[in-house]
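Trainee: Test case, fold it:
(one chain, ligands or ions: 1)
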Amino acid sequence: MIVAKFGGSSLSDADQFIKVRRILETEPARQHIVVSAPGKRDEADQKITDLLFTCHQMAQKGEAIDPVFSEVEQRFSQIAHSLGLENYLSSKLLEIGRAIQDGASLAYTASRGEYLCAMLMAKWLARPFVDAASLLHFTAGKLDEEATAHSIRATLLSCEGAVIPGFYGSDSQGDIHILSRGGSDTSAAYIAAALDAEMLEIWTDVTGFRAADPRIVPDAQFIASLTYRELRELSYMGASVLHEDAVFPVRTAGIPTSIRNTGNPLHPGTTITYRSQARVPVVTGIAGKKGFSIIVLEKNRMNDEVGFARKVLAVFERHAISFEHLPTGIDALCVMVSTSVFMPKKDAVIEEISKTVDPDSIHTEDHIALVACVGVGMFRQYGTAARLITAVSEQGIGIRTILQAPSELSIILGVDDINLDMTVRAIYDAFIRT
Ligand code: ASP
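Mentor: Below you'll find the predicted structure:
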């Protein structure tokens with residue numbers, strides 16, 4: 001049994017609804033489906049969820065929501081009309097519009113895109129609609145995983161092919177709560193995990209994960225399969241498509257996730273698994289991001305001073321700054337942090353470090369980018385770092401820091417941020433381009 005989640009871009013108009021039906025018809029194992037709210041039809045368009053957030057703001061200020069809510073109505077009515085389901089949502093839309101105008105909560109308002117979309121999809125597919133409010137349970141503002149798993153099993157195991165709205169649930173009072181933005185992936189992951197599904201499919205507008213950002217390497221190849229650990233490394237370093245946090249329930253349950261393209265359903269996409277498949281490449285993917293600073297501290301005989309690093313890191317902790325990496329030398333300690341988090345606190349942090357550990361010198365260097373070269377296949381392979389450094393240095397790029405944990409899952413290079421794209425291309429050409 002497969003749980004299939006369709007994202008906003010896969011539901012943006014009636015043509016997309018038609019594609020969804022075909023996708024389901026071609027694979028009977030795709031049983032329960034989870035939907036987002038209709039997304040953008042083109043760059044200039046607005047997501048239904050964003051329109052609903054605006055409606056809530058307007059209602060809170062006492063303004064009439066009609067100018068914006070009528071866009072929501074039109075989008076749903078157009079889809080319904082084109083599918084031959086004229087007026088199907090009219091009374092629901094009226095009721096929801098009134099509730100928002102009368103001060104309904106932000107969570108209720110934001111969740112109505114998913115709710116309406118799932119109702120319409122259920123009608124279109126002639127499948128039962130199951131409200132997420134009765135499946136995902138919140139206690140004290142947090143998702144209650146046990147109660148949620150119990151409800152999912154009690155409701156869906158005896159139900160054939162339900163259509164469920166993503167992104168929200170409710171508490172014991174019946175009040176709606178939402179997950180974070182993009183949370184329909186997580187809703188689907190909870191459902192797949194509770195039902196012990198064979199697979200979670202995430203249907204979107206791209207054909208899976210690429211080995212590098214196509215804005216940097218336009219012909220970057222698609223990754224057929226990767227592990228959840230690789231996904232985490234790549235998404236942490238800026239690769240978009242799917243964030244590992246979003247699907248943690250299936251990762252924990254050992255259920256694979258497959259990323260598929262609604263516009264190209266025959267393409268197998270990318271499958272993310274707990275363990276890697278039989279033969280893996282040395283490097284699976286490359287990702288990088290800009291915006292890091294390094295605080296460089298030097299002190300003669302630092303290595304003899306037990307507790308030096310702890311005292312320095314305690315200063316960062318007091319200022320709620322988490323560090324990325326900690327490159328060290330014998331008499332040097334460097335703390336790498338996100339520039340945007342560090343900057344507003346820079347003077348206070350430097351002053352406190354100077355007082356606490358009395359370094360010989362302290363200065364900061366900005367405009368650093370990190371590039372991660374990720375692959376479970378690097379484990380116990382000889383020469384990967386040598387090839388990597390050679391490829392980068394042959395482009396005349398200086399490496400500012402280098403990091404590899406003993407798991408050998410990734411090698412992370414720090415470079416000047418103007419060199420980010422060139423570094424990614426150099427690594428891609430050395431390891432992935434065939
Ligand atoms: N519609 C919500 C959002 O735009 C949730 C989702 O699409 O997953 O964030």
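Trainee: For the nearest residue to P128 once chain neighbours are set aside, give me its contacts.
Mentor: Nearest residue to P128 in three dimensions, chain neighbours excluded: A162, at 5.1 Å (C-beta to C-beta, 6 or more residues apart in numbering). For the C-beta atoms, the positions are set from N, CA and C on the backbone; glycine is no exception. Contacts for A162 (C-beta atoms under 8 Å, 6 or more residues apart in numbering) come out as 31-33, 122, 127-130, 155-156.
Trainee: out of the residues you listed, who's nearest V283?
Mentor: I33 (34.8 Å; C-beta to C-beta).
Trainee: The closest one: what secondary structure?
Mentor: Classification of I33 by DSSP: H, G, I helix; E, B strand; the rest coil places it in strand.
Trainee: Just read off the phi/psi values of the residue nearest to it when sequence neighbours are not counted.
Mentor: What sits nearest to I33 in space, not counting adjacent residues and going by C-beta to C-beta, 6+ apart, is A4, at 4.9 Å. The phi/psi pair for A4 (degrees, to the nearest 10) reads phi -110, psi 130.
Trainee: I65 too?
Mentor: Dihedral angles for I65 - degrees, to the nearest 10 - are phi -80, psi -10.
Trainee: Spatially nearest residue to it (excluding sequence neighbours)?
Mentor: C55 (4.4 Å).
Trainee: Remind me what the helix or strand containing that neighbour packs against, helices and strands.
Mentor: If you go by DSSP states H and E, C55 is part of helix 48-60. Contacts defined by 3 or more C-beta pairs under 8 Å, 6 or more residues apart in numbering; DSSP states H and E place helix 48-60 against helix 66-82, helix 90-101, helix 106-125.
Trainee: can you tell which of these is closest to D304?
Mentor: Of these, nearest to D304 by C-beta to C-beta is helix 106-125, at 55.7 Å.
Trainee: Output the contacting helices and strands for that closest one.
Mentor: Against helix 106-125 (3+ C-beta pairs under 8 Å, 6+ apart) you get helix 14-25, strand 30-35, helix 48-60, helix 66-82, helix 90-101, strand 163-165, strand 168-171, strand 176-178.
Trainee: Minimum distance to the ligand: which of those has it?
Mentor: Evaluated with C-beta to the nearest ligand atom, the helices and strands packed on helix 106-125 place helix 48-60 nearest to the ligand, the distance being 3.7 Å.
Trainee: Which residues does that closest one contact?
Mentor: For helix 48-60, contacts defined as C-beta under 8 Å, 6+ apart pick out 8, 36-39, 64-65, 68-69, 71-72, 75, 100-104, 106, 109-110, 112-113, 117, 167, 181.
Trainee: near the ligand, from these?
Mentor: 8, 36-37, 113, 167, 181 (C-beta under 6 Å from any ligand atom).
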